[in-house]
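> Below is the sequence, then the predicted model.
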Amino acid sequence: MVFQTSNMLKCIYIMQSLIKLCHDSYFVYQKKIQINFQTMADAKQQPVQQPKGKKGKKTGEETTQQVVATLGPNVAGNELVFGVAHILSTWNDTFIHITDLTGRETLARVTGGMKVKSDREESSPYAAMQAAKDVYEKLKTLKINALHIKLRARGGVDTRQPGPGAQAALRALARLGLKIGRIEDVTPIPTDSTRRPGGRRGRRL
C-alpha cells in the first residue's frame with residue numbers, strides 16, 4: 001500500500017512538472033510570435049530604399065540590346081581589305097574613283113575640281129592631294145585599308161602621258177596609311193587608230 005502511494009506521488013509530480021514545462025514553452029512561443037508580428041508591421045510602414053546607382057528590375061520588363069550598325073566588313077587585327085583605285089589624270093583634272101574588286105560598286109569618287117575654286121588649279125598636284133585625303137576618310141569608314149592602283153591618261157588619239165596630279169594622288173594615298181598592292185597602267189593604246197588630228201602638215205603652234 002505504501003509502495004502504491006509513493007508511485008502515485010511520483011506520477012503526480014512528473015505530471016505537474018510536464019504541465020509547467022508545457023506552459024512555459026507555450027508562453028515563450030507566444031511571445032516570439034508577438035515580436036515577429038510587431039517587426040512585420042514596422043517593416044510595412046517604412047519604405048524600402050534602393051541603393052544608389054542600381055535600378056530595380058520590373059517583372060516582365062523586356063531587355064533591349066543596342067545594336068551598333070557599322071559600315072564595311074568585319075576586319076580582324078592585321079587583315080587587309082582591298083579596293084581598286086581608278087586614277088584618271090589629265091591636263092584639265094584629276095579623277096579618283098574607288099570601287100570594289102569587281103569594279104561594279106562605287107565606294108568613293110572625288111575629283112580635283114571639287115577641292116579648288118579656280119579652273120586652272122583643277123589638275124594641280126595640290127588638288128589631287130586634297131582629293132586623295134577625302135577618299136581616305138571615306139575608305140576609313142568603310143574599313144578598306146589596301147588599294148590596287150589602276151592609273152591612266154587620256155589615251156587613244158590623245159596624249160598617253162598622265163597629268164601632273166597622278167603622282168601626287170598616288171603618293172598621298174600611300175602616305176595616309178593605305179597599303180598599296182598592284183600599280184597598273186591602263187591607258188588605252190590603240191593598235192590601229194583613226195587619223196590623228198592636226199592635218200598632213202601637223203599642228204600649228
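Nice, thanks for sending it over. Residues are numbered from 1 along each chain as shown.
> buried stuff in stretch 115-134?
By neighbour count with 16 or more other CB atoms under 10 Å, stretch 115-134 contains the buried residues 115-116, 122-125, 127-132, 134. The C-beta positions use only the backbone N, C-alpha and C, and glycine is treated the same way.
> Among the residues you listed, which one lies nearest to I14?
D134 (105.2 Å; CB to CB).
> Which other helices and strands does the helix or strand hosting that closest one contact?
If you go by DSSP states H and E, D134 is part of helix 125-141. Packing partners of helix 125-141 (3 or more CB pairs under 8 Å, 6 or more residues apart in numbering; DSSP states H and E): strand 82-89, strand 94-99, strand 106-111, helix 165-175.
> Kindly report the domain assignment for the chain.
1-37, 82-185 (automatic domain parsing).
> out of these, deepest packed?
Comparing the domains of the chain by mean neighbour count (mean count of other CB atoms under 10 Å), domain 82-185 comes out on top with a mean of 18.
> ok, back up a step: would you format the domains of the chain as JSON lines with mean pLDDT and distance to R201 included?
Shown next, in JSON lines, are these (pLDDT from 0 to 100; distance: least, CB to CB, whole Å):
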{"stretch": "domain 1-37", "mean pLDDT": "66", "distance to R201": "120"}
{"stretch": "domain 82-185", "mean pLDDT": "96", "distance to R201": "17"}
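> could I get the ones you listed as a markdown table with distance to R204?
Formatted as a markdown table, those follow (distance: least, CB to CB, whole Å):
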| stretch | distance to R204 |
| --- | --- |
| domain 1-37 | 116 |
| domain 82-185 | 18 |
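> which residues touch the residue nearest the centre of the chain?
When CA atoms, centre = their mean is applied to the chain, the residue found nearest the centroid is T70 (4.5 Å). If you count contacts by CB atoms under 8 Å, 6 or more residues apart in numbering, T70 has them with K143.
> and if we set it to 6 Å?
For T70, the contact set (CB atoms under 6 Å, 6 or more residues apart in numbering) is empty.
> so how far is T90 from it?
Shown here: T70 relative to T90, a distance of 37 Å by CB to CB, to the nearest Å.
> Nearest to T191, out of the domains of the chain?
domain 82-185 (11.6 Å).
> how long is the closest one from one end to the other?
Here the two ends of domain 82-185 are set 18 Å apart, with distance taken as CA to CA, to the nearest Å.
> just stretch 117-127 next, same as before
10 Å.
> starting at the chain centroid, how far to it?
Between the centre of stretch 117-127 and the centre of its chain there are 36 Å (CA atoms, centre = their mean, to the nearest Å).
> Before I go, just wanted to say thanks for your time.
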